[in-house]
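Engineer: This is a predicted model, with the sequence first.
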Amino acid sequence: MGLNYKINGSDMQYAQILLEPQQEAIVEQGAMMYISQHVNMRAILGDGSSSRLGVVGRFWRALKRSLTGESMFSSLYENKSNTAQMITIAAPGPGQIVPINLDEQGGTVICQKGAFLAGEKGQKIQLAFQKRVRVGLLGGEGFIMQKITGSGIVFIHACGALKTLTLGPSDVLKVDTGCLVGMSSTVRYDIKYTGSLKTSLFGGEGLFYATVSGPGTVWIQSMPMNRLSKLLLSAALTGKGSKAGRWYLFGVIIFVLYTFITASNPPQ
Amino acid sequence: MTSPIEARLFGPGLPEQGEIVSCQVQSNTIVISHGAAVRQQAVRLEDVEAIVGGFDHDQLQLQWEQDGQTFMLIPLDKIAQKLLIEALPAQDVKGLKRWKASTWTQSFVWRSVAASVAVVCVLVVIGIWQYDRIAGWIAQQIPMKTELAIGESVLESLNADARYLSKGPAVEAVQKIGDRLTQGSRYKYRWYVAKDKTVNAFAIPGGIIVVNSGLLEKTDTANELAAVLAHEIQHVEERHSLRNMIASAGLAGVVLLVLGDANTAILIVAHQVSAQYFNRQVEAEADMKGIDLLHKKNIDAKGMVSFFKKMKAEYAGKGDVPVWLSSHPDTQNRIRLAEAYIAKRPCPKCINLDWDKAAVTQELARISETASSDAKRE
């Protein structure tokens, strides 16, 4: 019994999930837009999964989960009524919500920090630690990523437009660092030097790019959050986002010089 | 022929997430069975190449070309992967040795990182737990020459020439008792009497012991003075000040590392060196060992108890406790401990010392006169 859902909107999306009777969904805190009358909302520690070590184990797991860009608690929505109920989840920022069927990915996907938005009860969000030092330092995703395991549909969110690509065995894709959102567990993620000094200095793509090799599925975003925020910040500070500002300044200087010269030499 | 191992097969025409198959390793081929062994396919081991894959770079991926198309076999989970590696002859499969080496290197790197972190943690815990003992051990390693140099510099900083007497009847009285106590010691002791009204005596590293004139006035019998000296001698013999200096230097080092504040670190050391403050345990140790020393030199140790009692009685109810007691722990407790210690060790040979108290008193009176006339002149 999978989730019945629909994703609406284009750049600031929200997901509409139809909860069947007795069905439950785990949602990131603060993502709720509206829910039907008979949906019960409850805060749970971590992802609500039980631990061999009891409360301590659950707390430890929630703590590790909070390192992956999620909060320590999440919200559990349960439909206690006899009819289907609606819950609506809004994306936390501009970008797209992508539903992933974990059953089609071998039960595991690895996502960038904070990508998880909502999922079915029973899915676990774990800490995936990048064991390759150079990938962690230069890969653009840091050392900590999210490992989502379980079955059913999970909704992930990332900034910009999302592209899903399926790689066959021996397929290799070069990706700009920071643009990788998620991958299935069979995908190998590595970094490569761009190859020449000229390209790395003047190519505008940085010194390294990430490579992902198949088999498996990868999700790539068009606009990483940090790039968007940098652009918006610089535009907010200078009032101009593009290079046109310099020509404007140049024009002002010429105008001032011109008036200065004409004023000091009054017409005879 | 091994037991079937579950794996996922990827390739053109197969599902995106791979097809679940079971495979068996035979002498020189891998036999892959699709579904319920309806369809079988054999791959020669020499065509297969092992690749490191997966997010953690610890997945075994077997890749081969077939009719110009690439296929890949990935064990379903860690257990299946282990079984497959055991079944595969390493020399026949291209890249399998390299695969083993690279996964081993990666796990070795992280294991050694974890091990070194654990070792550092254990060392820190031991360091905090056994801090006094470690400081004491280091103090014992310091050569005598260094200790003497430290003593000299402390003496200099205390302005010894102007404030301390190094000869005269008072010093001679102290020295006479002191020499008897320190006979056969590895230290060459020097005795000073400070022109100071406060009731105090202290030891400086390298065998320098300073007794204040105030303390000399308060002592009635030579045995009391001997008890105070025996206590201070133990601070020297056990290198307590050095131990304290090292402990505070270590603390200052930690402060410097954690806060990056050199001023605080210097303050800690400076305070420690100037205050000459010892903790309860060290003081108790000096008391007990002092009594032992007195007994060894056939001096009656009851002087220690009587001096403590006198000090306690004299300053009972008053705020200003003599320095020699105030920097030391709980007087009543010390009296009790010292009494019990002496009671357990009877010393029939022990005698009472005698000294020329009159000469000392006269000398002290002269000192206080010159001190007051100095003060007037100023």
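Structural biologist: In hand now; what should we look at? Numbers count the residues shown, from 1 in each chain, chains lettered A, B, ... in the order given.
Engineer: In contact with residue 85, which residues?
Structural biologist: No chain in the question, so chain A it is. A:Q85 is in contact with A:L18, A:L19, A:I35, A:S36, A:Q37, A:H38, A:V39, A:N79, counting by CB atoms under 8 Å, 6 or more residues apart in numbering or on different chains. Any C-beta I mention is one placed from the backbone N, CA and C, and that applies to glycine too.
Engineer: my question was about chain B
Structural biologist: With contacts defined as CB under 8 Å, 6+ apart, B:I85 is in contact with B:L60, B:L96, B:K100.
Engineer: and the first one, what does it touch?
Structural biologist: So that's B:L60. For B:L60, the set of contacting residues under the criterion of CB under 8 Å, 6+ apart consists of B:A50, B:I51, B:V52, B:G53, B:I74, B:P75, B:Q81, B:L84, B:I85, B:W99.
Engineer: Cross these against helices and list the overlap.
Structural biologist: Using DSSP state H, the subset of the contacts of B:L60 located in helices is B:Q81, B:L84, B:I85, B:W99.
Engineer: what packs against the helix or strand hosting B:V119?
Structural biologist: For B:V119, the host element (DSSP states H and E) is helix B:96-129. Packing partners of helix B:96-129 (3 or more CB pairs under 8 Å, 6 or more residues apart in numbering or on different chains; DSSP states H and E): strand B:49-53.
Engineer: Direction included, what does the next helix or strand after the strand it packs on pair up with?
Structural biologist: Per DSSP H and E, strand B:49-53 leads on to strand B:59-66 as the next helix or strand towards the C-terminus. Its sheet considered, strand B:59-66 pairs with strand B:49-53 (antiparallel), strand B:69-75 (antiparallel) by DSSP bridges.
Engineer: mind listing what's buried in strand B:59-66?
Structural biologist: By neighbour count, with 16 or more other CB atoms under 10 Å in any protein chain shown as the criterion, the buried positions of strand B:59-66 are B:Q59, B:L60, B:Q61, B:L62, B:Q63, B:W64.
Engineer: what's A:K131 sitting at in phi/psi?
Structural biologist: The phi and psi torsions at A:K131 (degrees, to the nearest 10) take the values phi -80, psi -10.
Engineer: My read is that it contacts B:F108, right?
Structural biologist: No. Counting by CB atoms under 8 Å, A:K131 sits too far from B:F108 to count as a contact (11.5 Å).
Engineer: out of the two, which sits in the busier spot?
Structural biologist: Using other CB atoms under 10 Å in any protein chain shown, the more surrounded residue of A:K131 and B:F108 is A:K131, with 16 against 10.
Engineer: okay, that one: pLDDT?
Structural biologist: In this prediction, A:K131 carries a pLDDT score of 84.
Engineer: same check, this time on A:G245
Structural biologist: On pLDDT, A:G245 comes in at 54.
Engineer: Do you know the pLDDT at the residue of the stretch 251-378 of chain B found nearest chain A?
Structural biologist: Evaluated by CB to the nearest CB, the stretch 251-378 of chain B has B:V258 as its residue closest to chain A, separated by 23.8 Å. Model confidence at B:V258, given as pLDDT, is 80.
Engineer: can you put the strands paired with strand B:59-66 in JSON lines and add mean pLDDT?
Structural biologist: JSON lines is the format used below for the strands paired with strand B:59-66 (pLDDT from 0 to 100):
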{"stretch": "strand B:49-53", "mean pLDDT": "88"}
{"stretch": "strand B:69-75", "mean pLDDT": "89"}
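Engineer: ok, now how distant is the residue most central in space within chain A from chain B?
Structural biologist: With the centre of chain A defined as its mean C-alpha position, the nearest residue by CA atoms, centre = their mean is A:A158, 2.8 Å away. Taking CB to the nearest CB, to the nearest Å as the criterion, A:A158 is separated from chain B by 17 Å.
Engineer: can you tell me which residues contact that residue?
Structural biologist: With contact taken as CB under 8 Å, 6+ apart, A:A158 is in contact with A:G95, A:Q96, A:V98, A:Q112, A:A115, A:V181, A:W219, A:Q221, A:M225.
Engineer: and if you look at B:R334?
Structural biologist: Applying CB under 8 Å, 6+ apart to B:R334 gives the contacts B:E283, B:A284, B:D287, B:F308, B:H328.
Engineer: Sitting in helices, which of these do you find?
Structural biologist: Among these, the members found in helices (DSSP H) are B:E283, B:A284, B:D287, B:F308.
Engineer: Just give me the neighbour total for the first one.
Structural biologist: Going back to what we said before, that points to B:E283. As a burial measure, B:E283 scores 20 neighbours (other CB under 10 Å).
Engineer: cool, and B:Q24?
Structural biologist: By other CB under 10 Å, the burial measure for B:Q24, its neighbour count, is 17.
Engineer: And B:V124, by the same measure?
Structural biologist: 11.
Engineer: sorry, back to before: the contacts of A:Q85: which two are farthest apart?
Structural biologist: Taking CB to CB as the measure, the contacts of A:Q85 span a maximum distance of 14.4 Å, between A:L18 and A:Q37.
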